[in-house]
Structures are given as C-alpha cells and as structure tokens.
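J.: Quick one, fold the following:
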Amino acid sequence: MRLWAISDIHLGHQVNRAALEALPDHGRDWVILAGDVGETEEHLEIALAAFSRRFARVLWVPGNHELWTARSPRSGHELRGQAKYEALVAVCHRHGALTPEDPWPLWVGEGGPHLIAPLFVLYDYSFRPDDVSQEGAVAWAEETGVLCTDELLLQPEPYAGIPAWCAARAAYTEQRLAVVDARVPLVLVNHFPFDERLLNLFLLPRFSIWCGTRRTEAWLRTLHVDTAVYGHLHRRRTTHLDGVRFEEVSLGYPRDWSQEEGMAAYLRQVLPAPAHDWEEPPSWVPPSPPAFLLEGAR
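T.: Alright, predicted model coming up:
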C-alpha cells in the first residue's frame, strides 16, 4: 500500500487525457492530485472518475487553472472565485475524493503513520524583492514582459483580490494546523511551492510572484513536516531543505513530458519514502524554456 502524487495533468489536452486512460490499476494505493487537473468541472469529473477506479483513495487540492473563469462568458452565470471552488469541492465529494475542506486522513500504510493535509493556499505576490511593494508586484513583473494568465481569468470574489483570498485561506489552514498532534509527522499538499527557494525560475524570474506565499515557509520551521508535495512549476524534482523532503510532482502540457513513458512513469511515490530521490524517465529531454513560462510570457 503506497501513497502516490501527481499534479498538472491538464486534461484540456487530448494527449494527456489519453495518457490518463492508459494508467494501470493501483489496487489499495492512494493518490494525491495536487492541482491543475484542468480548467473546467468536466475535466475534474473525468480525472476523478479515472483515478477513483484505479486507486483506493483520491485526495485533491485545487490549482490556479481549476479556478479560472472565462473572460467572455456566454451566459453570464459562470461561477467565480469562492463559488467556483465550492462547486469543485462538491464534484470531489460526489466521487468520494478528499479535499482541503475535509478531515485530514491518517496514513497507516507503508511508511506510516503520517497525517496527510491537503491544503488550498494561493499566492500573495510575496515571492518578490523586499524593495517591491505588493501593490507594485504585477507592474514589476510586466517590466520584463511577464503577465500570468491568472490576472485575466482567476476571479477572487468575494475577496478584494487574490492576496486577500490567500490570506483567508492561510489563516484557515493555520487554525487547523494548530490543533494537530505534534507527534505525528505531516505530509503537506498544496498546488503552489511552499518555499521561495524551490522556484529556480532562471528564464523568467519575475514569474515568482504567482508561485506562492512566504507565509507557508514558517509552517515548515514550526511544524513536524516530513514531506511537502506541490506542483505548478512543471519542473519535476525532489529537494531536501531544512530536514523536509519536497516533491514537485507535475506532469505538465504535452511538451513537458515523454508520451513514450506514459503517465504512470510520472506518478511520484510519497510514502513510503523512496530509497532514492526521483529522477526523470530516461527518454525525456527537458524543454527550453519550460512550457508553463511560455504561457505566462507576452
């Protein structure tokens, strides 16, 4: 019995959907879907139907893509912000998947016990230099021709902005973390990176403002965190920082992964902890520049 994770499967791409259908059965294993399953409730339905048939338990956290609302709605009734998130949680519950709104499950399989904590914490533009203000962060990124699609499609209603939504989610998460049993190691799961040092955005460093919040960094120092699982970057790797194992578990757009290997090769084992850090399938050559950065560049 093992715990696996994958993120950024982007089911808007037919190649990715075909790869999902080819995924083998994993019996009693659990799987984490760490965000960016797709852009619509239909994409989430497809993912949950497929994974729930192949795994004994599915845990989901939202990415930024799931929360997008089209710029030109046809009916004027498309869900936005918190309402969109709540609708996605309802989809998960119909399929028996756990979300950031549910009690956190205790993993007692191989490598346990661990408390698995699916989180929904956004970004607040704090991954920026100290001399750049929060209010000026987007303009600072645009100076180098970078604008994340979220600025057009991610609506924060009823919050005043994405940083305010992020602050509310962080406060909610901190309340829950404050009452966990400190003796049980944690596996934290969020779509966005937990620490600014994980970014490595060499080509477009100012994309950092859309990649997380410094608020999560304190949790790694004060809590009994064993492993932190995240995605968003489409740059898979295992990193060890300050006694915590970080697993970036993205699949990505079709150009980001090897179709020859199939999606199964990109499932990342979280528990029990692998004897060796995860490595890319041998036939995959990293694209340059990363596809997710191309989407964010103008």
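
J.: any weak-confidence spans in the stretch 51-200 of the chain?
T.: 71-77 (pLDDT under 70).

J.: switch the cut-off to 50
T.: Across the stretch 51-200 of the chain, residues meeting the criterion (pLDDT under 50) sit at 72, 75.

J.: Quick check: phi and psi on the residue nearest to Ile9 when sequence neighbours are not counted?
T.: Nearest in space to Ile9, with sequence neighbours left out and distances taken as C-beta to C-beta, 6 or more residues apart in numbering, is Leu251 at 4.9 Å. Placement of C-beta: from N, CA and C, glycine included. In this entry, Leu251 is assigned phi and psi values of phi -90, psi -70 (degrees, to the nearest 10).

J.: Over to Val189?
T.: phi -130, psi 120.

J.: what residues are up against it?
T.: Each residue near Val189 by C-beta atoms under 8 Å, 6 or more residues apart in numbering is listed here: 5, 32, 34, 59, 61, 116-119, 228-230.

J.: try 10 Å this time
T.: Listed by C-beta atoms under 10 Å, 6 or more residues apart in numbering, the contact partners of Val189 are 5, 7, 32-35, 59-61, 100, 104, 116-120, 227-231, 247, 249, 270.

J.: And Ala22, by the same measure?
T.: 262-264.

J.: now swap in Glu110 and tell me
T.: By C-beta under 10 Å, 6+ apart, the contact list for Glu110 reads 1-3, 29, 269, 271-273.

J.: okay if I get these as CSV plus secondary structure, neighbour count and distance to Trp257?
T.: Formatted as CSV, the contacts of Glu110 follow (DSSP: H, G, I helix; E, B strand; the rest coil; neighbours: other C-beta atoms under 10 Å; distance: C-beta to C-beta, whole Å):
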residue, secondary structure, neighbour count, distance to Trp257
Met1, coil, 16, 26
Arg2, coil, 20, 21
Leu3, strand, 26, 21
Asp29, coil, 18, 21
Gln269, strand, 16, 17
Leu271, strand, 23, 23
Pro272, coil, 15, 25
Ala273, coil, 16, 23
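
J.: Using CSV, write out every CA atom in stretch 214-230.
T.: What follows is stretch 214-230, C-alpha atoms only, in CSV (Å, rounded to 0.1, in the frame of the first residue of the first chain):
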residue,chain,number,x,y,z
ARG,A,214,6.1,33.4,2.3
ARG,A,215,3.5,32.6,4.9
THR,A,216,3.9,28.9,4.2
GLU,A,217,7.6,29.0,4.9
ALA,A,218,7.0,29.4,8.6
TRP,A,219,5.0,26.3,8.8
LEU,A,220,8.0,24.2,7.6
ARG,A,221,10.0,25.6,10.5
THR,A,222,7.5,25.3,13.3
LEU,A,223,5.6,22.1,12.5
HIS,A,224,6.5,18.4,12.3
VAL,A,225,6.6,18.4,8.5
ASP,A,226,8.2,15.3,6.9
THR,A,227,7.3,15.9,3.3
ALA,A,228,5.7,18.7,1.3
VAL,A,229,4.1,17.9,-2.1
TYR,A,230,3.5,20.6,-4.7
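
J.: buried sites along it?
T.: Using 16 or more other C-beta atoms under 10 Å as the test for burial, stretch 214-230 gives 215-217, 219-220, 223, 225-230.

J.: what's the farthest-apart pair in these?
T.: Using C-beta to C-beta, the buried residues of stretch 214-230 span at most 20.0 Å, a distance reached by Arg215 and Asp226.

J.: Can you tell me which residue is spatially central in the chain?
T.: His191 (1.8 Å; C-alpha atoms, centre = their mean).

J.: ok so, going back, keep only those of the buried residues of stretch 214-230 that are in helices.
T.: Among the buried residues of stretch 214-230, the residues falling in helices (DSSP state H) are 215-217, 219-220.

J.: doesn't Leu67 make contact with Thr149?
T.: No. Taking contacts as C-beta atoms under 10 Å, Thr149 lies outside contact range of Leu67: 11.5 Å.

J.: more neighbours, these two?
T.: Leu67 (27 against 14; other C-beta atoms under 10 Å).

J.: List the contacts of that one.
T.: Taking C-beta under 10 Å, 6+ apart, we find Leu67 in contact with 35-36, 39, 79-82, 84-85, 88, 120, 122, 150, 153-156, 162, 165, 191.

J.: List phi and psi for it.
T.: phi -90, psi 0.

J.: Next: Gly81.
T.: phi 60, psi -130.

J.: residue contacts, the nearest residue to it once chain neighbours are set aside?
T.: Residue nearest to Gly81 in three dimensions, not counting chain neighbours: Glu157, with 3.6 Å by C-beta to C-beta, 6+ apart. For Glu157, the contact set (C-beta under 10 Å, 6+ apart) comprises 69, 79-84, 165.
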